[in-house]
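Q: Prediction below, plus the sequence it came from.
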Amino acid sequence: MIQSSGDLIADRRYEWARGLTDAGDHAAAADLLAEVVALAPGFAAAWFALGEARERLGDTAGAVAAFERARAADPDDAHGAAVRLARLGALPPVAMPIGYIQSLFDGYAPKFEASLAGRLGYRGPQILLDAVRRAMPSPLHFAAALDLGCGTGLAGETFRPFCGSLTGVDLSPGMLALARDKNVYDRLDEAEAMSYLRAVPEASLDLIIAADVFIYFHELLQIGGPAVRSLKPGGLIAFSVETHDGDGVILRDTLRYAHAVPYVREAMAAAGLDLLCLDHAWARREKGNEVPGLVVVARR
């Protein structure tokens, strides 16, 4: 993402501050960024960077103030200031801003698969397929399937042999471009996942898969209704989430949501979905440790 305030001096100081941040001198970066936002009060990127610097310095109140200014300066919130405010307790758990998710994954797209498969040991699509196999008698076959948040098509590759027709939807054009190269989807659409699901023709799908998509959703209760409407009787929704040992939903330091087991059960029951599988299964590692997760299969 190109960051510019429209003021050459402010831009130069912003880049200098980024260099100080990279070098670990957060105090000097914060001082310089304070000068930048004084020169360019509408520079969202600088306000956001100032919030990050203040947070690293332990100045929570100052960080909150800066993130609030970043959010006000950019209505699309491409930097995810609202998410940072939620993590700091200044906002309740919030829906991830669309602009933030799109910006995050467009930037991540070129290194996405190498990072997941290598450093993180990602296995989300495989644990989903294994769970669907446990929940259904074989042979597996789904006439019409939808891959929500399809990304670069990793889940599409895994499920393609079992689908008559497979559609992928994602918010990120960069991700979709890579998915298109795989030639595993009959159709690819750029859209926000839940908006797309609400527009799917009623009772038209045999399977909805969402591999590590709902870790960016604070509220699983919003998913069940559209899923039930779009699934044929007997159709399945299969998804993975991160989890924790408490109650409800928490926002981790990784800026991903984790959903407790009782909360997932409640969300599926509230939607009128029959829960076929709710198993503990990790989808990725972080810093060498398996991230606690759940794999879920439910039926209309």
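A: Looks like it arrived, so ask away.
Q: Packing partners of the helix or strand hosting residue 132?
A: Assigning secondary structure by DSSP states H and E places residue 132 in helix 124-135. Here helix 124-135 is seen to pack against helix 154-159, strand 231-242, strand 274-280, strand 293-299 when contacts are counted using 3 or more C-beta pairs under 8 Å, 6 or more residues apart in numbering; DSSP states H and E. (Each C-beta comes from the backbone N, C-alpha and C, glycine too.)
Q: how about it: buried residues?
A: Taking 16 or more other C-beta atoms under 10 Å as the basis for neighbour counts, the residues of helix 124-135 that come out buried are 124-125, 127-129, 131-132, 135.
Q: gap between the closest residue to residue 203 other than its chain neighbours and residue 36?
A: Nearest-residue entry for residue 203: residue 232, 5.0 Å, with adjacent residues in sequence omitted and distances by C-beta to C-beta, 6 or more residues apart in numbering. Remark: distance between residue 232 and residue 36 (C-beta to C-beta, to the nearest Å) = 55 Å.
Q: which of those two has more neighbours?
A: Set side by side, residue 232 and residue 36 show unequal neighbour counts under other C-beta atoms under 10 Å, the larger going to residue 36 at 26 against 16.
Q: In this structure residue 164 contacts residue 205, no?
A: No: assessed by C-beta atoms under 8 Å, residue 164 is found out of contact with residue 205, at 11.4 Å.
Q: between the two, which one's more packed in?
A: residue 205 (25 against 11).
Q: Next up, the contacts around the more buried one.
A: The neighbours of residue 205, taking C-beta atoms under 8 Å, 6 or more residues apart in numbering as the test, are 144-146, 230-232, 235.
Q: cool, and residue 151?
A: Residue 151 makes contact with 105, 112, 170, 172, 175, 179, 211, according to C-beta under 8 Å, 6+ apart.
Q: Kindly report the same for residue 40.
A: Residues near residue 40 by C-beta under 8 Å, 6+ apart: 5-7, 10, 46.
Q: Quick one: closest of the helices and strands packed on helix 124-135 to residue 93.
A: The closest approach between residue 93 and any of these, judged by C-beta to C-beta, belongs to strand 231-242 at 13.7 Å.
Q: Check which element follows the closest one along the chain.
A: strand 249-251.
Q: Point out the other helices and strands that the next helix or strand after that following strand packs with.
A: Taking DSSP H and E as the definition, the helix or strand that follows strand 249-251 towards the C-terminus is strand 257-259. For strand 257-259, the contact count by 3+ C-beta pairs under 8 Å, 6+ apart identifies strand 231-242, strand 249-251 as packing neighbours.
Q: nearest to residue 275, of the ones you listed?
A: In terms of C-beta to C-beta, the element of those nearest to residue 275 is strand 231-242, at 10.4 Å.
Q: okay, the angle between that closest one and helix 124-135?
A: Angle between the axes of strand 231-242 and helix 124-135 is 130 degrees (criterion: axes from the mean of the first three to the mean of the last three C-alpha atoms, to 10 degrees).
Q: Taking strand 293-299 as reference, get the angle to strand 231-242.
A: Between strand 231-242 and strand 293-299, the angle comes out at 170 degrees (the same axes, to 10 degrees).
Q: just to revisit the earlier point, which ones among the contacts of residue 151 are found in strands?
A: Secondary-structure check on those using DSSP state E: residues within strands are residue 170.
Q: okay, who's weakest in the contacts of residue 151 by pLDDT?
A: The pLDDT minimum for the contacts of residue 151 sits at residue 112, where the score is 72.
Q: Which residue is the nearest non-sequential neighbour of that residue?
A: The spatial neighbour of residue 112 that comes closest, neighbours along the chain excluded (C-beta to C-beta, 6+ apart), is residue 152 at 5.5 Å.
Q: what do you get for residue 224?
A: Leaving aside its sequence neighbours, residue 224 is closest to residue 271 (2.2 Å, by C-beta to C-beta, 6+ apart).
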